[in-house]
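A predicted structure for the sequence below; I have some questions about it.
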Amino acid sequence: MSAIEQNILKALRELDTAVKGMATANPKPDLTPLFTRIDELAYQLPRTADPELLHFLQRKSYEKARQKLEGQAVTRGSCGR
(Lines give C-alpha, C1' and ligand atoms only; values in the text may rest on other atoms or scores of the structure.)
Protein backbone atom coordinates (compact mmCIF):
# COMPACT_ATOMS: atom_id res chain seq x y z
CA MET A 1 0.00 0.00 0.00
CA SER A 2 1.40 3.37 -1.00
CA ALA A 3 1.83 6.27 1.42
CA ILE A 4 -1.06 8.11 -0.26
CA GLU A 5 -3.31 5.06 0.13
CA GLN A 6 -2.29 4.80 3.80
CA ASN A 7 -3.21 8.46 4.33
CA ILE A 8 -6.53 7.95 2.54
CA LEU A 9 -7.29 4.94 4.72
CA LYS A 10 -6.46 6.93 7.86
CA ALA A 11 -8.78 9.76 6.76
CA LEU A 12 -11.53 7.29 5.85
CA ARG A 13 -11.27 5.68 9.28
CA GLU A 14 -11.48 9.12 10.92
CA LEU A 15 -14.59 9.84 8.86
CA ASP A 16 -16.13 6.51 9.83
CA THR A 17 -15.51 7.21 13.52
CA ALA A 18 -16.94 10.73 13.24
CA VAL A 19 -20.07 9.51 11.44
CA LYS A 20 -20.66 6.75 14.00
CA GLY A 21 -20.48 9.34 16.78
CA MET A 22 -22.90 11.79 15.13
CA ALA A 23 -25.96 10.47 16.94
CA THR A 24 -24.62 11.46 20.35
CA ALA A 25 -22.28 14.33 19.45
CA ASN A 26 -23.21 17.78 20.66
CA PRO A 27 -22.34 19.91 18.85
CA LYS A 28 -22.29 17.92 15.66
CA PRO A 29 -18.81 17.77 14.11
CA ASP A 30 -18.10 19.54 10.82
CA LEU A 31 -17.16 16.76 8.41
CA THR A 32 -16.25 19.13 5.58
CA PRO A 33 -12.51 19.17 6.39
CA LEU A 34 -12.42 15.36 6.27
CA PHE A 35 -14.22 15.27 2.93
CA THR A 36 -11.83 17.88 1.56
CA ARG A 37 -8.80 15.97 2.82
CA ILE A 38 -10.00 12.70 1.29
CA ASP A 39 -10.67 14.41 -2.04
CA GLU A 40 -7.23 16.07 -2.02
CA LEU A 41 -5.51 12.77 -1.25
CA ALA A 42 -7.53 10.91 -3.89
CA TYR A 43 -6.49 13.51 -6.46
CA GLN A 44 -2.84 12.61 -5.71
CA LEU A 45 -3.33 8.96 -6.64
CA PRO A 46 -1.67 8.04 -9.92
CA ARG A 47 -3.82 6.96 -12.85
CA THR A 48 -2.23 3.54 -12.46
CA ALA A 49 -3.84 3.11 -9.01
CA ASP A 50 -6.42 0.39 -8.50
CA PRO A 51 -9.31 1.29 -10.83
CA GLU A 52 -11.92 0.07 -8.35
CA LEU A 53 -10.45 2.25 -5.59
CA LEU A 54 -10.42 5.25 -7.94
CA HIS A 55 -14.04 4.52 -8.86
CA PHE A 56 -15.12 4.41 -5.21
CA LEU A 57 -13.34 7.64 -4.37
CA GLN A 58 -14.68 9.46 -7.44
CA ARG A 59 -18.21 8.37 -6.58
CA LYS A 60 -17.76 9.30 -2.91
CA SER A 61 -18.34 5.67 -1.89
CA TYR A 62 -16.11 6.15 1.11
CA GLU A 63 -17.16 3.05 3.02
CA LYS A 64 -16.40 0.87 0.00
CA ALA A 65 -13.07 2.63 -0.51
CA ARG A 66 -12.19 1.96 3.15
CA GLN A 67 -13.18 -1.69 2.82
CA LYS A 68 -11.11 -2.02 -0.35
CA LEU A 69 -8.03 -0.52 1.33
CA GLU A 70 -8.53 -2.77 4.36
CA GLY A 71 -8.63 -5.83 2.10
CA GLN A 72 -12.26 -6.63 2.90
CA ALA A 73 -14.78 -7.94 0.41
CA VAL A 74 -16.69 -5.04 -1.11
CA THR A 75 -20.37 -5.38 -1.95
CA ARG A 76 -21.12 -4.39 -5.52
CA GLY A 77 -23.32 -1.37 -5.96
CA SER A 78 -26.12 -0.53 -8.35
CA CYS A 79 -23.66 0.65 -11.00
CA GLY A 80 -22.44 -2.95 -11.35
CA ARG A 81 -18.83 -2.29 -10.38
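Sure, I can see it.

can we go C-alpha only for contacts and neighbour counts from here?
Will do.

Okay, now the unreliable bits of the protein?
76-81 (pLDDT under 70).

what do you get if the cut-off is 50, keeping everything else the same?
Along the chain, the model assigns pLDDT under 50 to no residue.

what residue is smack in the middle of this structure?
residue 62 (3.4 Å; Cα atoms, centre = their mean).

Please report how far it lies from residue 50.
Applying Cα to Cα, to the nearest Å, the value for residue 62 to residue 50 is 15 Å.

cool, residue 70 as well?
13 Å.

now residue 67
Distance from residue 67 to residue 50, by Cα to Cα: 13 Å.

Three-state assignment for residue 10, please.
Classification of residue 10 using DSSP: H, G, I helix; E, B strand; the rest coil returns helix.

how many other residues sit next to it?
For residue 10, the neighbour count with other Cα atoms under 10 Å is 14.

okay, residue 67 and residue 50: which has more neighbours?
More neighbours surround residue 67 than the other of residue 67 and residue 50, with 17 against 11 (other Cα under 10 Å).

so that one touches residue 74, yeah?
Yes - shown here, residue 67 and residue 74 form a contact pair, counting by Cα atoms under 8 Å, at 6.2 Å.

Which helix or strand contains the residue at the greatest distance from the centre of the chain?
Largest separation from the mean C-alpha position in the chain: residue 26, at 24.2 Å (Cα atoms, centre = their mean). Assessed by DSSP states H and E, residue 26 sits outside every helix and strand.

distance of it from residue 36?
Using Cα to Cα, residue 26 is found at 22 Å from residue 36.
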